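A.B. asks: give me coordinates for this.
(2 chains)
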Amino acid sequence: MTIAVAKEDRLPLDSLKSRLPTRSEALSVFSIFVFFVFSWTLYRAFWNVPSWLEYLTIWSVLIIIAYVLAFALIESVALLALLVFYSLFFPRKVFKAQYALVGGSLAALICIGAFLLQRKINLVYRLELWQLLAYPLVGLLLSVLLVLLLAFLFERSPLLSRLVSAGIERMVIFVYIYVPLGTLALLVVLVRNIISY
Amino acid sequence: MPNSLTRRDFLKISATFALSPMLRVIPAPLPAGLSRAGTPPNVIMVLFDALSASNLSLYGYPRKTSPNLERLAARSTVYHNHHSAGNFTTPSTASLFTSTYPWTHRAINLSSLISPLVAPNNLFRLLDPLYFQAAFAENSFVDMLLFQFQEYLDLHEPVDRFSLVGHTFYDKLTRRDAIYGMKSLDQFLFKREEAHGSLILSILNDLNTQFNLQINTARLKGVYPNGLPRLANTDVYFALSQVMDGVMDLLDSLPAPSFTYLHFMPPHAPYTPALPFVGMFDDGWAPPPKKKHRLAPGVSEPRLNELRQSYDEYVANLDAEFGRLLDHLEQSGLLDTSYLIFTSDHGELFERGASGHSTPLVFEPLIRVPLLISAPGQRQRQDVHTLTSNVDILPGLLKIAGLPLPDWCEGQPLPGLGGESTPGRDVFVVEAKANPAYEPLHKATLALIRDQYKLVHYLGYKSYSDAYEFYDLANDPEELQNIYPDHPAARELQVELDRQLLRVNQRYTK
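C.D. replies: Numbering: from 1, shown residues only, chains lettered A, B, ... in the order given. Predicted coordinates for the structure are as follows:
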């Protein structure tokens, strides 16, 4: 009796667990976030470096870059966590079955969307209250449709799957470049905030 | 001061004794500023950002913008010819803190810091042995400067301490390394109004802030019909009345003797007065138009008058709130035991095709700021017409505290606070935001004011290079007639300004 209840209790948890990505799937999706987040942040940082150097020493600029890289690492991890959480709401057949492909593509599309929005960021400051409620909901709905569409396309088109998969695999290299940099930067930030004054 | 000796107090006292031979600022056994009880009076410095003396009825402006300041003036020393050392916050506030001109302290860019060579020579270090020191600045650039003096501050309130909506990240996440936290998080990763350094989380933060803003704007529509006041360069919104309430509580909680630095954001743009003040100057009045300056962007005259009206209404709003503070200080008795200093960091311009203060111009509305000092128990008004600068405030405070004047001060004690009027004294104004901080000044606007004359040197501007303007402020207070080519005094001032430029540039010439 006791065992039976325990099994019943475990069932929803098992169902969720079965939707979680494997380590390699997570790494694939993470690599997409790492690539876009770090590249964007570094692009913006180096765009600012000449102005920082107008009134800051090189040492100060390096400290700012350490903060920026540490934050990029945190942002990448946070985005991966959000996407994993989001994926739990989909049937296994839709998301989990092609986690790296669907997750990686979705991550890339979100990042590209964010990149385009960053170019026109002032639009956000003009949004009315109803827009602030409606647009995120529309965005969420679109992302659901996108996941369904991607799952459908990857299932139907092996060529597309192979192409996207090859692209995602190559992105993993950025994890090995950016993550150690971000980790080192995070250490610098932690040390500065522990030992400062 | 607290009754018991804390570890922090012990360290401060020990450090003071250890450093005293070097600093040469420790008072003689019985400093002049001490009261009969042996403690100096409190000092409360109230600074409103971008408040031009030219727009205050206290100084003769036709619109009744400052009735409460006039009330304070009745029991204060009123300085009529007080100038800021810069035309925007960072250099001018750094000058106030260090008694040095911007070309010395080098905080000449918008988010500059004071040079490490100059930073140790600051107001808070000098007053530290005598006062419990508290600071609250609504301007994040000033807050950054305050973090340079963090070790001397007993209480340093965050920028968003009394805000309604939004927050700063550095105060929450990296307070122990605030300067770099601010530069990376608030001024880069989540920076307002330009592509952020953070790709996605910054957008989510924007959406969240906007959502809260819209909710609060709708909630307070009856109070702020033109939108909530915002701290410039941030996403932090506030209601001035709430900030003032918070500051009153803060002042009540401080031990005596205390030195409190309060830097309020109004009337800095965006000009968002509260309802009783919206439209109060819808009177059709406008000053006579002035010819567009060559370095002005060419804002139209109707737009300038529109902006001027909003600004004046915002000034009247802050004056009313200051009146509440004044009432509170009177009722609590703090006004009888404290010096109250009222001033601003720079002014605001609505003429010659330019508005605001993001400009290379240094006309009087931009640099002439109010200064009122009410001594404990003062009942009579005293007017000082001598030329003074905000580099003189630190020496004035040292006089109040009975401390000697260090030799690195570029200012001199204020007349009315133990200082003397010095005819022929030179006061400088330096605007050099387009210049790298630690290079010779090659693009800047430099002004020298001596007696009634003002010489302005526009250095290195593409369309107006090496140009000089010279005004007789006594006979032409509106600065309409550039008499540089004809006036013999212009040469004298030019020689001195050029000499100073050569001197300050020498240090950075390789």
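A.B. asks: C-alpha only now, for contacts and for neighbours.
C.D. replies: Noted.
A.B. asks: ok now do B:H196, which residues does it touch?
C.D. replies: A:44, A:118, B:188-190, B:202 (CA atoms under 8 Å, 6 or more residues apart in numbering or on different chains).
A.B. asks: meant to ask about B:N435, not that
C.D. replies: A:54, B:108-109, B:441-444.
A.B. asks: what of B:E193?
C.D. replies: A:121-122.
A.B. asks: at 10 Å what do you get?
C.D. replies: A:118, A:120-125, B:233-235 (CA atoms under 10 Å, 6 or more residues apart in numbering or on different chains).
A.B. asks: hmm, which of those residues are the buried ones?
C.D. replies: Buried members of these, counted by 16 or more other CA atoms under 10 Å in any protein chain shown: A:118, A:121, A:124-125, B:234-235.
A.B. asks: now pLDDT, distance to B:G347 and secondary structure too, for these, in JSON lines please.
C.D. replies: Output for these, formatted as JSON lines (pLDDT from 0 to 100; distance: CA to CA, whole Å; DSSP: H, G, I helix; E, B strand; the rest coil):
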{"residue": "A:Q118", "pLDDT": "95", "distance to B:G347": "34", "secondary structure": "helix"}
{"residue": "A:I121", "pLDDT": "90", "distance to B:G347": "30", "secondary structure": "helix"}
{"residue": "A:V124", "pLDDT": "90", "distance to B:G347": "31", "secondary structure": "helix"}
{"residue": "A:Y125", "pLDDT": "89", "distance to B:G347": "28", "secondary structure": "helix"}
{"residue": "B:T234", "pLDDT": "88", "distance to B:G347": "21", "secondary structure": "coil"}
{"residue": "B:D235", "pLDDT": "87", "distance to B:G347": "23", "secondary structure": "coil"}
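A.B. asks: nearest to B:Y339 among these?
C.D. replies: B:T234 (31.8 Å; CA to CA).
A.B. asks: show me where the stretch 251-400 of chain B has helices.
C.D. replies: Listed in chain order, the helices of the stretch 251-400 of chain B (DSSP state H, counting those that start in this stretch) span B:301-332, B:334-337, B:364-367, B:393-401.
A.B. asks: need the CA coordinates for the third one. CSV is fine.
C.D. replies: The reference is to helix B:364-367. C-alpha atoms of helix B:364-367 as CSV (Å, rounded to 0.1, in the frame of the first residue of the first chain):
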residue,chain,number,x,y,z
GLU,B,364,25.4,83.4,-16.3
PRO,B,365,22.1,81.4,-16.1
LEU,B,366,24.3,78.3,-16.4
ILE,B,367,26.9,79.1,-13.8
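A.B. asks: mind checking how far that helix is from the chain centre?
C.D. replies: 13 Å (CA atoms, centre = their mean, to the nearest Å).
A.B. asks: just to revisit the earlier point, figure out which of the helices of the stretch 251-400 of chain B is closest to A:L190.
C.D. replies: A:L190 lies closest, by CA to CA, to one member of these: helix B:393-401, at 36.7 Å.
A.B. asks: what packs against that closest one?
C.D. replies: Here helix B:393-401 touches strand B:42-48, helix B:89-98, helix B:123-127, strand B:338-344, going by 3 or more CA pairs under 10 Å, 6 or more residues apart in numbering or on different chains; DSSP states H and E.
A.B. asks: Throw the ones you listed into CSV and include distance to B:M144, thanks.
C.D. replies: Listed next are these as CSV, based on distance: least, CA to CA, whole Å:
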stretch, distance to B:M144
strand B:42-48, 16
helix B:89-98, 9
helix B:123-127, 14
strand B:338-344, 18
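A.B. asks: of those, which is nearest chain A?
C.D. replies: Among the helices and strands packed on helix B:393-401, helix B:89-98 comes nearest to chain A, with 12.4 Å by CA to the nearest CA.
A.B. asks: how far does the closest one sit from its chain's centre?
C.D. replies: 7 Å.
A.B. asks: same check, this time on stretch B:255-265
C.D. replies: For stretch B:255-265, the distance to the chain centre is 14 Å (CA atoms, centre = their mean).
A.B. asks: then stretch B:260-271?
C.D. replies: The answer for stretch B:260-271 is 9 Å, by CA atoms, centre = their mean.
A.B. asks: report the mean confidence score over that stretch.
C.D. replies: For stretch B:260-271, the mean per-residue pLDDT is 97.
A.B. asks: then stretch B:75-85?
C.D. replies: So the average pLDDT for stretch B:75-85 ends up being 97.
A.B. asks: got the contact list for the residue nearest to the spatial centre of chain B?
C.D. replies: Closest residue to the average C-alpha location of chain B: B:D345 at 2.1 Å, with CA atoms, centre = their mean. B:D345 makes contacts with B:47-52, B:83-96, B:263, B:366-370, B:390, as judged by CA under 10 Å, 6+ apart.
A.B. asks: can you flag the buried ones in the residues you listed?
C.D. replies: Neighbour counting with 16+ other CA under 10 Å marks B:47-52, B:83-96, B:263, B:366-370, B:390 as buried within those.
A.B. asks: what about chain A: which of those touch it?
C.D. replies: Among the buried ones among the contacts of B:D345, no residue lies close to chain A (CA under 10 Å from any CA of the partner chain).
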